[in-house]
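# what follows is a protein structure lacking sequence information:
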Ligand SMILES: [Fe+2]
């Protein structure tokens with residue numbers, strides 16, 4: 001297994017709109033998350049950006065390509081490319097989602113939730129273990145937001161997330177916005193969800209903005225973080241203590257200074273609320 005120096009504080013998701021600004025101004029950000037799928041299999045300028053940023057900042061790799069919950073065989077081509085990138089750029093953390101994104105080589109652009117059953121938990125945990133063995137590193141598994149549920153589920157999402165992390169012996173990337181969005185959409189208690197999370201496996205938090213569609217919330221990552229998500233983040237920090245936290249903003253990407261303001265708010269909460277942590 002590869003070991004790297006830990007990160008802390010609030011990082012920002014690196015987006016192409018800010019490449020030049022970040023290289024030129026070297027803003028005081030403790031780390032950046034890169035959407036690694038955008039770089040895999042590319043040479044030239046795209047690879048040079050990744051090389052440059054890896055020399056300037058600690059990086060984390062975040063992907064959607066493992067499709068860990070799928071019934072298709074693991075995509076060895078994707079894992080090979082990811083492994084190569086991990087060895088070359090030495091990210092501090094590597095994460096993907098607890099979801100499936102396709103079947104029989106037909107892919108969708110949604111991160112689809114799993115049925116929350118014993119069988120599905122073992123299925124996805126076995127695949128996570130295979131992926132971790134192949135990559136030579138433990139991964140962080142992120143909880144996704146969802147808009148549908150399966151009648152076959154016989155445990156809650158929170159129970160399923162916690163169970164899979166233990167079965168797979170992987171870490172957890174707790175997306176606070178995703179918990180809030182799913183809690184609203186499926187009418188469950190977000191704080192009860194937090195109470196079921198395996199504290200010692202949480203290695204990172206994500207924060208993002210959703211879009212209010214009246215009868216449901218849409219996880220768009222296209223606007224500022226909403227007040228109830230900040231409140232839930234405070235609850236999480238009180239409960240778990242500080243963890244590296246990321247500002248995720250993928251659509252309608254604003255000026256870098258807006259992301260820095262959001263990061264500043266998160267830093268303040270990390271500083272203030274961690275003292276209440278048990
Ligand atoms: Fe996220």
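Done, it's in. For clarity, every value in this text was computed on a predicted model and none was experimentally measured.

# what about the nearest residue to residue 220 once chain neighbours are set aside, how many residues close to it?
Closest residue to residue 220 apart from its sequence neighbours, by Cβ to Cβ, 6 or more residues apart in numbering: residue 211 at 4.5 Å. Using the backbone N, CA and C atoms, a C-beta is placed for each residue, glycine as well. Residue 211 has 15 neighbours, counted by other Cβ atoms under 10 Å.

# residue contacts, the residue of the stretch 51-200 of the chain found nearest the ion?
Closest residue of the stretch 51-200 of the chain to the ion, Cβ to the ion: residue 175 (3.8 Å). Neighbour list for residue 175: 142, 143, 144, 145, 205, 206, 208, 248 [criterion: Cβ atoms under 8 Å, 6 or more residues apart in numbering].

# so which of these wins on neighbours?
Highest count within the contacts of residue 175 by other Cβ under 10 Å belongs to residue 208, 27 neighbours.

# you'd agree that one is up against residue 221?
Yes. Contact criterion Cβ atoms under 8 Å: residue 208 and residue 221 qualify, at 4.6 Å.

# so what sits against both of the two?
248, 249, 250.

# just the pLDDT for the second one.
In the prediction, the pLDDT value recorded for residue 249 is 96.

# burial count for it?
If we define neighbours as other Cβ under 10 Å, then residue 249 has 24 of them.

# and if you look at residue 125?
20.

# distance of it from residue 154?
Using Cβ to Cβ, to the nearest Å, residue 125 is found at 17 Å from residue 154.

# for the contacts of residue 175, which one is nearest residue 268?
Ranked by distance to residue 268 (Cβ to Cβ), the contacts of residue 175 are led by residue 205 at 14.4 Å.

# contacts only, for that closest one.
173, 174, 175, 176, 233, 236, 243, 244, 245, 246.

# can you verify the last one is assigned to a helix?
No. Using DSSP: H, G, I helix; E, B strand; the rest coil, the assignment for residue 246 is strand, not a helix.

# tell me which element residue 270 falls in.
Using DSSP states H and E, residue 270 falls within helix 256-273.

# same check on residue 120?
Applying DSSP H and E, one finds residue 120 within helix 118-135.

# quick check: beta-bridge partners of the residue of the stretch 51-200 of the chain closest to the ion?
With DSSP bridges as the criterion, residue 175 is bridged to residue 206.

# and it, how far from residue 48?
30 Å.

# any residues of the stretch 101-250 of the chain in contact with the ion? List them.
175, 206 (Cβ under 5 Å from the ion).

# those helices in the stretch 101-250 of the chain, which residues are they?
118-135, 157-168, 176-186, 190-195, 227-240 (DSSP state H, counting those that start in this stretch).

# which stretch among those comes nearest residue 276?
Nearest of the helices of the stretch 101-250 of the chain (Cβ to Cβ): helix 227-240, 4.4 Å.

# I'd like to know which elements that closest one is packed against.
helix 176-186, helix 190-195, strand 202-207, helix 256-273 (3 or more Cβ pairs under 8 Å, 6 or more residues apart in numbering; DSSP states H and E).
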